[in-house]
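Q: Got a sequence here, can you model it:
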Amino acid sequence: MPISEKDLLTEGAWRQIQAQLAAMETMVMEADVPASPRDRAEGWRYLLRFVAASIRATIVAGDPEYPEFGRVIERGLAWGLDNPDCNYSMTRIRGDAIYRVAGSTGSARHFEYQVNTGHFGDGNVGGWETVSSLHRDELEVDPDGNFELILSAEEQPGNWLSLNQHASFLFLRQYFSSWESEIPARVFVERVGAAYPEPELTPARLAPRIEELIEWLSKGLRGWEAMSRLILATESNAVTLTEPMEGNAGLRGQAYGLGHFHCEPDQAVILEFRPPQCRMWGVQLCGWFWDSLDFATRQSSLNDSQAILDDDGVFRGVIAHEDPGVANWLDPVGRVEGSLGVRYLFPGEVPQPSFRVVPAAGLREELPGSTTLVDVGQRQQALERRRRSVQLRYGY
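A: Below you'll find the model as predicted:
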């Protein structure tokens, strides 16, 4: 329902927000949603996180006249198959304006600026399109790693991203392989020609952002739920692979493996693949709502810098409820079932992962003799490094 200036001069806009918040409860309370005490707690937390992410995307980073990057997905705002290796930022733009992004690149293994149509809260996953993108290898930087990037409809010299009449947001992904050593970029964004200080807020300026917020909390919430349910309805302990992405708001050059795991308390699931020649790869476990599991204090994900390959060059990750004492443990954080994701960035080939369900008590007999083992102290040290590096990466 459209938000008018009158709605902001009365209680009308606020009541529409309240109504949408009230409607969200069915997503947790529907009969087929897991209902254990833990599941209920996680469901309410997911909704609160999605509300917070939606506010960042619309109220904080939703003004194309005075753009500002908002971190709309992170450890504390998990949704949409968020990648533990990635920092995500976005801002609203419009296709007939000119924008400048500048700063230092940092040292992430990979990053990409991407201009897209639509927005992640409109529920129209199939309708998103990438207008233009520029990744690390294509960006001209000075010897100190500083750069300037122009976004406009007309081509510009140097670093340039094209806009068209449908361009609506700029998305920045930064992929970190070595969590402890790679440093995030430091950048700002501005509309060329914008007069500062920013003018005072008016109902006319705020109304479209509130309208979009309500869309995030309705169409967006249900759109991501539909994606999660689609994945959970597929065959368990299997993934469906895509070809490397081009043009539909996914990371350019990345192949995605989407599926879900099922592991009973007395079982272990061995996930195997031979990593391809690629810039980076990773695997992660997710919950019911397609949100990443705790990846800072738990080892629920592994990437090419963190995993240890066996002597035959194969990655073997072990999903198990109790620590099996192998380096490549994937902790499901108490879940018997959930989503999982596999990513290969710029792969020479796209290998199909395989899965084996084995008794947890006999796991060691199912693994090669070269499998790297860890003791309690080594595991604790690894988890401490994860926790500290995640806080440093996000700056809190």
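
Q: Wait, residue 374 touches residue 325, no?
A: Yes - using CB atoms under 8 Å, residue 374 is in contact with residue 325, at 6.2 Å. The way it works is simple: take the backbone N, C-alpha and C, and place the C-beta from them, glycine included.

Q: what ranges of the stretch 151-300 of the chain fall below the confidence cut-off?
A: For the stretch 151-300 of the chain, applying pLDDT under 70 flags no range at all.

Q: Now do the helices in the protein.
A: 5-9, 12-23, 26-29, 37-55, 203-215, 221-232, 376-394 (DSSP state H).

Q: of all the ones you listed, which lies closest to residue 351?
A: helix 221-232 (19.8 Å; CB to CB).

Q: Output the closest one as CSV - backbone C-alpha positions only.
A: C-alpha atoms of helix 221-232 as CSV (Å, rounded to 0.1, in the frame of the first residue of the first chain):
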residue,chain,number,x,y,z
LEU,A,221,10.6,-11.9,3.7
ARG,A,222,8.3,-14.3,1.9
GLY,A,223,10.5,-14.4,-1.2
TRP,A,224,13.6,-15.6,0.8
GLU,A,225,11.4,-18.0,2.8
ALA,A,226,10.2,-19.6,-0.6
MET,A,227,13.9,-20.0,-1.6
SER,A,228,14.7,-21.7,1.7
ARG,A,229,11.7,-24.1,1.4
LEU,A,230,12.6,-24.9,-2.2
ILE,A,231,16.0,-26.0,-1.1
LEU,A,232,14.8,-27.9,1.9
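
Q: residues making contact with it?
A: For helix 221-232, contacts defined as CB atoms under 8 Å, 6 or more residues apart in numbering pick out 24, 27, 47, 50, 79-81, 121-125, 258-260, 288-290, 337, 339.

Q: do the same with stretch 388-396
A: Under CB under 8 Å, 6+ apart, the answer for stretch 388-396 is 71, 74, 75, 87, 176, 179, 180, 184, 295, 296.

Q: Out of those residues, which comes closest to residue 237?
A: residue 295 (20.8 Å).

Q: Number of residues surrounding that closest one?
A: For residue 295, the neighbour count with other CB atoms under 10 Å is 24.

Q: So residue 383 is in contact with residue 294, correct?
A: No - Residue 383 lies out of contact with residue 294 (CB under 8 Å); the separation is 10.5 Å.

Q: between those two, who's got more neighbours?
A: Each of residue 383 and residue 294 has its neighbours counted (other CB under 10 Å); residue 294 has more, 19 against 15.

Q: And residue 192, how close does it get to residue 74?
A: 29 Å (CB to CB, to the nearest Å).

Q: out of those two, which sits in the more crowded spot?
A: residue 74 (20 against 11).

Q: Report the contact partners of the nearest residue to residue 206 once chain neighbours are set aside.
A: Excluding its sequence neighbours, the residue lying closest to residue 206 (CB to CB, 6 or more residues apart in numbering) is residue 8, at 6.2 Å. Contacts for residue 8 (CB under 8 Å, 6+ apart) come out as 203, 206, 207, 210.
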